[in-house]
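Undergrad: sequence below, structure please.
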Amino acid sequence: MLQKILFILIAAFAVFVQSVAGFGGTLISMPLGIMLVGIGTAKPVLTILAWLTGLLMALSGLKHIDWKEFGKMTGIMMIGVLLGILVFGSVKMNYLLVLYGAIIVIIGCWKLFVKNQKDPKPLWQWVSLSLAGLMQGMFVSGGSFLVIYATSRIKDKQVFRATVNAVWAVLNTVLIISYALDGLLGKDVLSLSAICVIPTLLAIWGANAAAKHINQSLFLKITYLVLIASGAVLLITNL
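TA: Numbers count the residues shown, from 1 in each chain. Have a look, this model is predicted:
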């Protein structure tokens, strides 16, 4: 019971981070969720919550969506998502979790310590977009890679948030359908998802209310530290 309560709190915090920063939610919640309830429960539940968050945020900012960039991001990432689903089902879980933990630590350190991050060249933008789809398909954690592409192409904050959340809504719909076809949406997953809905909605409301008053720089630094810590724990426990 305590593990589920902690999972719900972590999931709500992740939604808050996602709503404020536009990325990073599942990167924080997935490693901790795996340790608390196992990947078989954490992955589908967090996908459902990420889908709900993305859908609500996209609908609230519908008029700000850049449909051209939305089409590019969704099309390229969809290929990566399908490949990620295939890889997830065919590679030993311990290997995947070690790789996942290492990637999270690297992302957290890069975001925290590398200053003056410039827009990457077009080739690397497309590579990052492809990796975003792959990571989304495997661990619902393509946010940081998508941000590399999206921040290079979309400079307006409102357009960025609306467009990126619309992408998550579509891609996570595909993931949820794949879970249903694989029989992963059992009673435990659906009941825990239902319990998490109200905390998720409260987190979205709280994030929207607090966004103007949060020190964005400090908030992101704390987020990156949490990423590094959670990734390191996942990496160490699966070596």
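Undergrad: what ranges of the protein fall below the confidence cut-off?
TA: Within the chain, the stretches with pLDDT under 70 are 21-23, 116-117, 211, 216.
Undergrad: show me where it has helices.
TA: 2-21, 25-37, 39-60, 67-90, 93-113, 122-139, 143-153, 157-181, 187-210, 216-238 (DSSP state H).
Undergrad: isn't Ile125 up against Leu146?
TA: If you look again at residue 125, you'll see it is Gln, not Ile. No - the criterion here is CB atoms under 8 Å, and Gln125 misses it with Leu146 at 10.5 Å. Quick note: C-beta positions are derived from backbone N, CA and C, even for glycine.
Undergrad: of these two, who's got more company?
TA: Neighbours per residue (other CB atoms under 10 Å) separate Gln125 from Leu146, with Leu146 holding more: 24 against 17.
Undergrad: measure the more buried one to Pro199 for me?
TA: 25 Å (CB to CB, to the nearest Å).
Undergrad: let me know which of the helices of the chain is tucked in deepest.
TA: helix 25-37 (a mean of 25; mean count of other CB atoms under 10 Å).
Undergrad: neighbouring contacts of that one?
TA: 3-4, 6-7, 10-11, 13-15, 17-19, 41-43, 45-46, 50, 53, 97, 100-101, 104, 107, 139-141, 143-144, 192, 223, 226-227, 230-231, 233-234, 237 (CB atoms under 8 Å, 6 or more residues apart in numbering).
Undergrad: do the same with stretch 62-77
TA: Contacts for stretch 62-77 (CB under 8 Å, 6+ apart): 58, 126, 129-130, 132-133, 136, 142, 146, 149-150, 153-154, 156, 158-159, 161-164, 166-167, 170-171.
Undergrad: change it to 6 Å
TA: Stretch 62-77 is contacted by residues 129, 132-133, 153-154, 158-159, 162-163, 166-167, 170-171 when judged by CB atoms under 6 Å, 6 or more residues apart in numbering.
Undergrad: same question, stretch 125-143
TA: Taking CB under 6 Å, 6+ apart as the rule, stretch 125-143 contacts 23-24, 26-27, 30, 46-47, 50, 76-77, 80-81, 83-85, 87-88, 100, 145-146, 148-149, 152, 171.
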